[in-house]
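Enquirer: here is a sequence together with a model predicted from it:
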Amino acid sequence: MIPTKKQLDARLSGNTKFCIAAAMTTIATWNVNSVKARLSNVLAWLESNPVDILLLQELKCETDAFPAMEFEDRGYNLAIHGQKTYNGVAICSKFPLEDVMRGLPEISSRLRGEEVDAQARYIEALVNIPNGVLRVASAYIPNGQEVGSDKFLYKLNFLDRLYAHWQERLAWNEMAVLGGDFNVAPEAIDVHDPKAWEGNILFHPEERARLRALLHLGLYDAFRVKHPTTQQFSWWDYRGGGYERGIGARIDHLLLSGIAVDKLSDVAIDESPRGQEKPSDHAPVVCTITL
DNA sequence: ATGTCAGCCGGAGGCTGA
(Lines give C-alpha, C1' and ligand atoms only; values in the text may rest on other atoms or scores of the structure.)
Protein backbone atom coordinates (compact mmCIF):
# COMPACT_ATOMS: atom_id res chain seq x y z
CA MET A 1 0.00 0.00 0.00
CA ILE A 2 1.41 3.38 -1.00
CA PRO A 3 1.39 5.73 2.00
CA THR A 4 -0.36 9.06 1.59
CA LYS A 5 1.68 12.25 1.48
CA LYS A 6 0.41 13.13 4.95
CA GLN A 7 1.65 9.80 6.30
CA LEU A 8 5.02 10.30 4.65
CA ASP A 9 5.31 13.84 5.98
CA ALA A 10 4.58 12.56 9.49
CA ARG A 11 7.34 9.99 9.12
CA LEU A 12 9.96 12.09 7.41
CA SER A 13 11.68 15.42 7.76
CA GLY A 14 14.05 17.79 5.97
CA ASN A 15 15.65 16.72 2.70
CA THR A 16 14.23 13.24 2.80
CA LYS A 17 10.72 14.70 2.72
CA PHE A 18 11.63 16.73 -0.37
CA CYS A 19 12.97 13.64 -2.16
CA ILE A 20 9.82 11.63 -1.49
CA ALA A 21 7.56 14.49 -2.56
CA ALA A 22 9.56 14.88 -5.79
CA ALA A 23 9.08 11.19 -6.60
CA MET A 24 5.56 11.98 -7.78
CA THR A 25 5.63 12.73 -11.48
CA THR A 26 2.63 14.36 -13.18
CA ILE A 27 2.17 14.00 -16.92
CA ALA A 28 -0.43 15.75 -19.04
CA THR A 29 -1.41 15.59 -22.71
CA TRP A 30 -3.26 18.43 -24.44
CA ASN A 31 -4.19 19.20 -28.02
CA VAL A 32 -4.12 22.99 -27.81
CA ASN A 33 -5.18 23.79 -31.41
CA SER A 34 -2.44 26.40 -32.01
CA VAL A 35 0.04 27.01 -29.21
CA LYS A 36 0.21 30.70 -30.12
CA ALA A 37 -3.55 31.28 -30.13
CA ARG A 38 -3.81 29.28 -26.88
CA LEU A 39 -0.73 30.58 -25.07
CA SER A 40 -2.59 32.48 -22.32
CA ASN A 41 -4.96 29.51 -21.74
CA VAL A 42 -2.05 27.07 -21.46
CA LEU A 43 0.02 29.29 -19.16
CA ALA A 44 -3.00 29.96 -16.94
CA TRP A 45 -3.65 26.23 -16.72
CA LEU A 46 -0.01 25.51 -15.85
CA GLU A 47 -0.22 28.14 -13.11
CA SER A 48 -2.79 26.03 -11.26
CA ASN A 49 -1.59 22.67 -12.67
CA PRO A 50 2.21 22.81 -12.63
CA VAL A 51 2.65 19.38 -14.22
CA ASP A 52 6.14 17.95 -14.57
CA ILE A 53 5.67 16.86 -18.16
CA LEU A 54 3.28 18.40 -20.69
CA LEU A 55 2.75 16.70 -24.06
CA LEU A 56 1.35 19.14 -26.62
CA GLN A 57 -0.30 18.54 -29.98
CA GLU A 58 -1.46 20.77 -32.84
CA LEU A 59 1.09 23.52 -32.31
CA LYS A 60 0.28 24.92 -35.76
CA CYS A 61 3.66 26.65 -35.95
CA GLU A 62 7.21 25.98 -37.01
CA THR A 63 9.72 24.86 -34.39
CA ASP A 64 11.40 28.29 -34.30
CA ALA A 65 8.07 30.05 -33.80
CA PHE A 66 7.18 28.07 -30.64
CA PRO A 67 6.90 30.48 -27.67
CA ALA A 68 9.84 28.76 -25.97
CA MET A 69 10.70 31.54 -23.53
CA GLU A 70 7.28 31.47 -21.85
CA PHE A 71 7.73 27.76 -21.09
CA GLU A 72 11.43 27.97 -20.19
CA ASP A 73 10.67 30.79 -17.74
CA ARG A 74 8.34 28.35 -16.00
CA GLY A 75 11.07 25.74 -15.68
CA TYR A 76 10.39 23.57 -18.72
CA ASN A 77 12.93 21.97 -21.01
CA LEU A 78 11.57 21.67 -24.52
CA ALA A 79 11.66 19.22 -27.40
CA ILE A 80 9.67 20.57 -30.33
CA HIS A 81 8.73 19.13 -33.72
CA GLY A 82 6.83 21.84 -35.58
CA GLN A 83 5.79 22.69 -39.09
CA LYS A 84 4.05 25.56 -40.79
CA THR A 85 0.25 25.86 -40.40
CA TYR A 86 -0.57 22.27 -39.46
CA ASN A 87 0.16 19.62 -36.85
CA GLY A 88 3.21 20.07 -34.62
CA VAL A 89 3.99 18.27 -31.35
CA ALA A 90 6.12 19.04 -28.31
CA ILE A 91 7.37 17.68 -25.01
CA CYS A 92 7.73 20.17 -22.14
CA SER A 93 9.53 18.71 -19.12
CA LYS A 94 10.78 20.07 -15.83
CA PHE A 95 13.33 17.24 -15.89
CA PRO A 96 16.14 16.94 -18.45
CA LEU A 97 15.33 15.44 -21.85
CA GLU A 98 17.57 13.10 -23.81
CA ASP A 99 17.50 11.07 -27.02
CA VAL A 100 14.86 13.17 -28.74
CA MET A 101 13.31 11.44 -31.77
CA ARG A 102 11.21 13.43 -34.23
CA GLY A 103 8.80 11.57 -36.49
CA LEU A 104 7.87 7.90 -36.71
CA PRO A 105 9.85 5.62 -39.00
CA GLU A 106 8.15 4.55 -42.22
CA ILE A 107 7.36 0.85 -42.20
CA SER A 108 9.03 0.34 -45.59
CA SER A 109 12.25 1.94 -44.42
CA ARG A 110 12.36 0.70 -40.85
CA LEU A 111 15.67 -1.08 -41.20
CA ARG A 112 17.37 2.16 -42.14
CA GLY A 113 15.35 4.12 -39.57
CA GLU A 114 14.51 6.66 -42.23
CA GLU A 115 11.95 9.36 -41.57
CA VAL A 116 10.04 10.30 -44.68
CA ASP A 117 6.77 11.67 -43.29
CA ALA A 118 6.49 15.41 -43.92
CA GLN A 119 3.82 15.85 -41.24
CA ALA A 120 5.08 16.72 -37.74
CA ARG A 121 2.95 14.34 -35.68
CA TYR A 122 5.28 12.46 -33.37
CA ILE A 123 8.06 13.25 -30.92
CA GLU A 124 9.64 11.02 -28.30
CA ALA A 125 12.27 11.52 -25.62
CA LEU A 126 13.81 10.02 -22.54
CA VAL A 127 13.14 11.97 -19.33
CA ASN A 128 15.40 11.82 -16.30
CA ILE A 129 12.77 11.85 -13.59
CA PRO A 130 13.75 11.59 -9.91
CA ASN A 131 14.67 8.01 -9.04
CA GLY A 132 14.33 6.76 -12.58
CA VAL A 133 14.03 7.19 -16.31
CA LEU A 134 10.77 7.62 -18.19
CA ARG A 135 10.23 7.42 -21.95
CA VAL A 136 7.52 9.78 -23.17
CA ALA A 137 6.00 10.42 -26.57
CA SER A 138 3.60 13.08 -27.83
CA ALA A 139 1.56 11.86 -30.79
CA TYR A 140 -1.00 13.56 -32.99
CA ILE A 141 -2.75 10.82 -34.93
CA PRO A 142 -4.31 12.07 -38.20
CA ASN A 143 -8.01 12.93 -38.03
CA GLY A 144 -8.86 10.99 -41.17
CA GLN A 145 -11.39 13.53 -42.48
CA GLU A 146 -13.72 11.01 -44.13
CA VAL A 147 -13.87 7.22 -44.18
CA GLY A 148 -12.40 5.93 -47.43
CA SER A 149 -10.48 9.12 -48.20
CA ASP A 150 -6.70 9.30 -48.72
CA LYS A 151 -6.51 10.97 -45.33
CA PHE A 152 -8.31 8.03 -43.73
CA LEU A 153 -5.80 5.60 -45.26
CA TYR A 154 -2.99 7.83 -44.00
CA LYS A 155 -4.55 7.63 -40.53
CA LEU A 156 -4.64 3.82 -40.62
CA ASN A 157 -1.07 3.70 -41.94
CA PHE A 158 0.08 6.06 -39.18
CA LEU A 159 -1.50 3.79 -36.56
CA ASP A 160 0.29 0.81 -38.16
CA ARG A 161 3.59 2.69 -37.91
CA LEU A 162 2.87 3.55 -34.28
CA TYR A 163 2.20 -0.15 -33.63
CA ALA A 164 5.44 -1.28 -35.27
CA HIS A 165 7.45 1.32 -33.38
CA TRP A 166 5.95 0.55 -29.98
CA GLN A 167 6.31 -3.17 -30.55
CA GLU A 168 10.06 -2.48 -30.55
CA ARG A 169 9.96 0.06 -27.72
CA LEU A 170 8.01 -2.15 -25.33
CA ALA A 171 10.58 -4.92 -25.76
CA TRP A 172 12.97 -2.61 -23.89
CA ASN A 173 10.84 -2.98 -20.73
CA GLU A 174 10.92 0.68 -19.82
CA MET A 175 8.63 2.89 -17.84
CA ALA A 176 6.91 4.63 -20.75
CA VAL A 177 3.99 6.93 -21.55
CA LEU A 178 2.60 7.33 -25.05
CA GLY A 179 0.27 10.30 -24.89
CA GLY A 180 -1.60 12.37 -27.39
CA ASP A 181 -4.61 13.06 -29.53
CA PHE A 182 -5.37 9.65 -31.03
CA ASN A 183 -8.50 10.81 -32.85
CA VAL A 184 -9.97 7.42 -31.90
CA ALA A 185 -12.55 6.69 -29.21
CA PRO A 186 -11.83 3.18 -27.91
CA GLU A 187 -15.28 1.92 -26.85
CA ALA A 188 -18.98 2.76 -27.03
CA ILE A 189 -18.82 4.43 -23.61
CA ASP A 190 -16.29 6.89 -25.03
CA VAL A 191 -18.70 8.65 -27.43
CA HIS A 192 -21.95 10.44 -26.63
CA ASP A 193 -24.03 8.42 -29.12
CA PRO A 194 -22.35 5.20 -30.27
CA LYS A 195 -25.11 4.35 -32.75
CA ALA A 196 -24.83 7.73 -34.47
CA TRP A 197 -21.01 7.59 -34.49
CA GLU A 198 -20.57 3.96 -35.52
CA GLY A 199 -18.59 3.80 -38.76
CA ASN A 200 -17.67 7.51 -38.73
CA ILE A 201 -14.18 8.87 -38.21
CA LEU A 202 -13.12 8.85 -34.55
CA PHE A 203 -15.24 5.73 -34.01
CA HIS A 204 -14.65 3.51 -37.04
CA PRO A 205 -14.04 -0.25 -36.54
CA GLU A 206 -10.70 -0.17 -38.39
CA GLU A 207 -9.35 2.66 -36.24
CA ARG A 208 -10.57 1.08 -33.05
CA ALA A 209 -9.04 -2.28 -34.01
CA ARG A 210 -5.69 -0.56 -34.45
CA LEU A 211 -5.97 1.20 -31.08
CA ARG A 212 -6.83 -2.15 -29.47
CA ALA A 213 -3.81 -3.72 -31.20
CA LEU A 214 -1.61 -1.08 -29.57
CA LEU A 215 -3.12 -1.95 -26.19
CA HIS A 216 -2.59 -5.65 -26.84
CA LEU A 217 1.13 -4.97 -27.19
CA GLY A 218 1.10 -4.12 -23.49
CA LEU A 219 0.00 -0.49 -23.26
CA TYR A 220 -2.70 0.52 -20.78
CA ASP A 221 -5.30 3.26 -21.22
CA ALA A 222 -4.64 5.13 -17.98
CA PHE A 223 -8.05 6.80 -17.74
CA ARG A 224 -9.91 3.52 -18.24
CA VAL A 225 -7.66 1.67 -15.77
CA LYS A 226 -8.57 4.13 -13.00
CA HIS A 227 -12.16 4.83 -14.07
CA PRO A 228 -13.55 1.56 -15.49
CA THR A 229 -17.16 2.73 -15.86
CA THR A 230 -16.93 6.52 -16.12
CA GLN A 231 -18.08 8.28 -19.27
CA GLN A 232 -16.01 11.42 -19.72
CA PHE A 233 -14.96 13.14 -22.91
CA SER A 234 -11.77 14.98 -23.85
CA TRP A 235 -12.95 16.64 -27.08
CA TRP A 236 -16.09 18.47 -28.19
CA ASP A 237 -16.59 19.84 -31.71
CA TYR A 238 -16.62 23.63 -31.95
CA ARG A 239 -19.40 23.21 -34.49
CA GLY A 240 -22.95 22.94 -33.29
CA GLY A 241 -22.15 23.90 -29.70
CA GLY A 242 -20.77 20.45 -28.94
CA TYR A 243 -19.53 21.29 -25.45
CA GLU A 244 -22.70 23.04 -24.32
CA ARG A 245 -24.77 20.09 -25.56
CA GLY A 246 -22.49 17.44 -24.07
CA ILE A 247 -21.71 15.99 -27.51
CA GLY A 248 -18.13 14.78 -27.34
CA ALA A 249 -15.73 11.88 -27.37
CA ARG A 250 -12.76 10.57 -25.40
CA ILE A 251 -10.04 10.61 -28.04
CA ASP A 252 -7.05 11.94 -26.05
CA HIS A 253 -5.19 9.21 -24.23
CA LEU A 254 -2.27 8.45 -21.97
CA LEU A 255 -1.13 4.91 -22.77
CA LEU A 256 1.24 3.48 -20.18
CA SER A 257 3.66 0.58 -20.35
CA GLY A 258 3.12 -2.15 -17.77
CA ILE A 259 5.94 -0.84 -15.62
CA ALA A 260 4.39 2.64 -15.66
CA VAL A 261 0.80 1.55 -15.03
CA ASP A 262 1.93 -0.36 -11.94
CA LYS A 263 3.01 3.02 -10.53
CA LEU A 264 -0.07 4.93 -11.71
CA SER A 265 -1.79 6.64 -8.82
CA ASP A 266 -4.28 9.02 -10.44
CA VAL A 267 -5.82 10.05 -13.79
CA ALA A 268 -8.22 12.86 -14.63
CA ILE A 269 -9.58 14.75 -17.60
CA ASP A 270 -9.71 18.44 -16.70
CA GLU A 271 -12.72 19.84 -18.54
CA SER A 272 -12.43 23.30 -17.03
CA PRO A 273 -10.28 24.86 -19.81
CA ARG A 274 -12.89 23.80 -22.39
CA GLY A 275 -15.50 26.03 -20.79
CA GLN A 276 -13.32 29.14 -20.77
CA GLU A 277 -12.90 31.98 -23.27
CA LYS A 278 -11.43 31.03 -26.65
CA PRO A 279 -10.77 27.42 -25.63
CA SER A 280 -9.09 24.59 -27.47
CA ASP A 281 -11.66 22.02 -28.59
CA HIS A 282 -9.71 19.49 -26.44
CA ALA A 283 -9.28 19.23 -22.68
CA PRO A 284 -6.05 18.12 -20.99
CA VAL A 285 -5.69 14.59 -19.58
CA VAL A 286 -3.43 14.31 -16.52
CA CYS A 287 -1.93 11.36 -14.71
CA THR A 288 0.30 10.94 -11.67
CA ILE A 289 2.99 8.29 -11.35
CA THR A 290 4.50 7.56 -7.94
CA LEU A 291 7.99 6.08 -7.77
C1' DA B 1 -24.84 16.88 -40.63
C1' DT B 2 -22.65 21.11 -38.82
C1' DG B 3 -25.00 26.65 -35.09
C1' DT B 4 -16.87 26.97 -35.09
C1' DC B 5 -12.11 28.00 -35.08
C1' DA B 6 -7.09 28.85 -36.71
C1' DG B 7 -3.72 29.79 -40.23
C1' DC B 8 -2.64 30.97 -44.91
C1' DC B 9 -2.28 34.32 -48.60
C1' DG B 10 -2.44 38.89 -49.05
C1' DG B 11 -4.30 42.87 -47.85
C1' DA B 12 -10.78 40.79 -47.98
C1' DG B 13 -12.51 36.86 -47.64
C1' DG B 14 -12.22 32.32 -49.44
C1' DC B 15 -9.75 28.11 -48.73
C1' DT B 16 -7.92 24.07 -45.90
C1' DG B 17 -8.08 21.10 -42.05
C1' DA B 18 -10.16 19.79 -38.08
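Expert: Yep, that arrived.
Enquirer: state the phi and psi torsions of whichever residue of the stretch 1-150 of chain A sits closest to DNA strand B.
Expert: Using C-beta to the nearest atom of the strand, the single residue of the stretch 1-150 of chain A nearest to DNA strand B is A:S34, 3.2 Å away. Glycine gets a C-beta too; all of them are placed from N, C-alpha and C. Dihedral pair for A:S34: phi 90, psi 110, per degrees, to the nearest 10.
Enquirer: what's near enough to touch the nearest residue to it once chain neighbours are set aside?
Expert: Spatial nearest neighbour of A:S34, chain neighbours left out: A:K60 (4.1 Å); criterion: C-beta to C-beta, 6 or more residues apart in numbering. A:K60 is in contact with A:N33, A:S34, A:V35, A:K36, A:A37, A:T85, A:Y86, A:N87, A:G88, counting by C-beta atoms under 8 Å, 6 or more residues apart in numbering.
Enquirer: how about the contacts made by A:T290?
Expert: For A:T290, the contact set (C-beta under 8 Å, 6+ apart) comprises A:I2, A:A23, A:M24, A:T25, A:K263, A:S265.
Enquirer: now it: closest residue in space that isn't a chain neighbour?
Expert: A:S265 is the one closest to A:T290 (C-beta to C-beta, 6+ apart), at 4.7 Å.
Enquirer: is DNA strand B within reach of the top helix by length along chain A?
Expert: Taking DSSP state H as the criterion, chain A has its longest helix at helix A:150-170. Yes: Helix A:150-170 lies within reach of DNA strand B by C-beta under 7 Å from any atom of the strand, at A:K151.
Enquirer: what about whichever helix or strand comes after that helix and DNA strand B, touching?
Expert: Proceeding N to C from helix A:150-170, the next assigned helix or strand is strand A:175-181, under DSSP states H and E. No: using C-beta under 7 Å from any atom of the strand, strand A:175-181 never reaches DNA strand B; the gap is at least 7.8 Å.
Enquirer: I'd guess A:E146 is in a strand, am I close?
Expert: No: residue state for A:E146 (DSSP: H, G, I helix; E, B strand; the rest coil) corresponds to coil; a strand is not indicated.
Enquirer: and it, what's its pLDDT?
Expert: pLDDT for A:E146: 96.
Enquirer: and if you look at A:Q7?
Expert: A:Q7 is given a pLDDT of 55.
Enquirer: and stretch A:131-147, which residues are buried?
Expert: Across stretch A:131-147, burial judged by 16 or more other C-beta atoms under 10 Å covers A:L134, A:R135, A:V136, A:A137, A:S138, A:A139, A:Y140, A:I141, A:P142, A:G144.
Enquirer: make CSV out of those residues and add distance to A:A222.
Expert: Formatted as CSV, the buried residues of stretch A:131-147 follow (distance: C-beta to C-beta, whole Å):
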residue, distance to A:A222
A:L134, 14
A:R135, 15
A:V136, 13
A:A137, 14
A:S138, 15
A:A139, 15
A:Y140, 18
A:I141, 17
A:P142, 22
A:G144, 24
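Enquirer: just the residues you listed that are near DNA strand B?
Expert: Among the buried residues of stretch A:131-147, the residues that sit close to DNA strand B (C-beta under 7 Å from any atom of the strand) are A:P142.
Enquirer: tabulate the buried residues of stretch A:131-147 (TSV), appending distance to A:A176 and secondary structure.
Expert: Below are the buried residues of stretch A:131-147 laid out as TSV (distance: C-beta to C-beta, whole Å; DSSP: H, G, I helix; E, B strand; the rest coil):
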residue	distance to A:A176	secondary structure
A:L134	7	strand
A:R135	4	strand
A:V136	7	strand
A:A137	8	strand
A:S138	13	strand
A:A139	12	strand
A:Y140	18	strand
A:I141	17	coil
A:P142	22	coil
A:G144	26	coil
